[in-house]
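Chemist: here is a sequence together with a model predicted from it:
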Amino acid sequence: MKNTKEQTNDPRKQEEIKSDSDLVKNVDLEKKIIPRESKDTNKSQNREFKKDLLTQQILNDIISKKSLLEKEIKSLEKKKDSLVKDINLSFTGKSDDIAKRVKGFQEYLTGALQHLSQSVEKLELVSQPIIVKPSPLDETSSTSQRSKVETIPALSDTFKPDELLIKECFSNFKKQPDFYAEPWKLRRSLDNDDIEILNDWFFNMGGRGALQSRGTRQKNALISAALISILGELYGDQFQTLILASEPERLGEWRRILQDSLGLTREDFGPNSGIVLFERPEGVIERADRLEENEEVPLIIIDASETSVEIPILQFPLWLAFAGNNDEIYNDLDLN
């Protein structure tokens, strides 16, 4: 026991013991630190390994894509070369063929021209004798003496060949009205004055001229209806009636009276029908020209309210203008 105490009380020994204990602690600390450092190094190595793997994969992908692109580029270049060859072959072949044909045609033309010139040189040209004929002015004009004078029929004789038919229609118009007659036949009767007016227009005026108005539009339209009925017997479907009145109300009155007098319907009034209504003379002239081009006969009827007649209307073969007096025109304008 004494020895131990002494030992413990000895300062040198105490220092050695402390130093030994410090060494032991340091060793323990080093043992603890070493595994930590080794763990850190392992983690860093793993990270670097993973990075290397990723980079390698990316490189591999890039290399594979590059190789695919190179293959596609090579295939496209081959196609391009083949197309260029085909184009060159076809174009040059065709151009050569065309050039050969043109050259052959040129050679043919030159040979033909040379042959023609040689044949012309061999021809013996003989001068034709000059024959002097007497002038037609020196001859006696016997034809002028023999020529017959052609007589132009008078305008009043236009309807002479159809006089019997027209007079028969006049006699029928004097009878009792036939309200159930066929369409385009007059369903009303006329008096002697009306018949005289129609007779004057047919056989004295030749179907062209102005007549004194009967005082009202109704009477004028009735005379016109009789005129249309007679011309329908003469020309059939080859004529068309053109009525000129400058106001729609007047044209409406004409349509109603003609429709009632001839047994017509609304379908009979229009560009492709038997009667056409116009407000302006230009339309009448244009339509009449077209009818004559189609070898049809236009009949132009001018209302009594029209104070003037256009000159081109006078060139057509059949036209009738009602000449109204001042009172009639004034009353008509006042009503409108």
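Modeler: Perfect, thanks for sending it. The shown structure was predicted, so the numbers you read here are calculated from the model rather than taken from an experiment.

Chemist: Leu320 contacts Ile301, correct?
Modeler: Yes - applying CB atoms under 8 Å, one finds Leu320 in contact with Ile301, separated by 5.2 Å. Every C-beta, even on glycine, is put in place using the N, C-alpha and C of the backbone.

Chemist: the more surrounded of the two?
Modeler: A side-by-side neighbour count of Leu320 and Ile301, using other CB atoms under 10 Å, places Ile301 first with 24 against 21.

Chemist: show me the beta-bridge partners of the more buried one.
Modeler: The partner list for Ile301 in beta bridges (DSSP bridges) reads Ile243, Leu320.

Chemist: show me what contacts it?
Modeler: Listed by CB atoms under 8 Å, 6 or more residues apart in numbering, the contact partners of Ile301 are Ser224, Leu227, Thr241, Leu242, Ile243, Leu244, Trp319, Leu320, Ala321, Phe322.

Chemist: change it to 6 Å
Modeler: For Ile301, the contacting residues are Ser224, Ile243, Leu320, taking CB atoms under 6 Å, 6 or more residues apart in numbering as the criterion.

Chemist: give me the distance between the last one and Cys169.
Modeler: Yep, that's Leu320 we're talking about. Between Leu320 and Cys169 the distance is 16 Å, computed by CB to CB, to the nearest Å.

Chemist: could you check how far Leu89 is from Leu83?
Modeler: For Leu89 relative to Leu83 (CB to CB), the value is 11 Å.

Chemist: what are the ranges of the strands in the chain?
Modeler: In chain order, the chain shows strands spanning 208-212, 239-244, 275-278, 297-302, 318-323, with DSSP state E as the criterion.

Chemist: so where's the stretch 1-150 of the chain uncertain?
Modeler: Low-confidence segments of the stretch 1-150 of the chain (pLDDT under 70): 1-40, 90-94, 120-150.

Chemist: wait, isn't Ile275 in contact with Phe269?
Modeler: Yes - Ile275 is within contact range of Phe269, at 5.1 Å (criterion: CB atoms under 6 Å).

Chemist: more crowded one of the two?
Modeler: For Ile275 versus Phe269, neighbours defined as other CB under 10 Å are more numerous around Ile275 (22 against 19).
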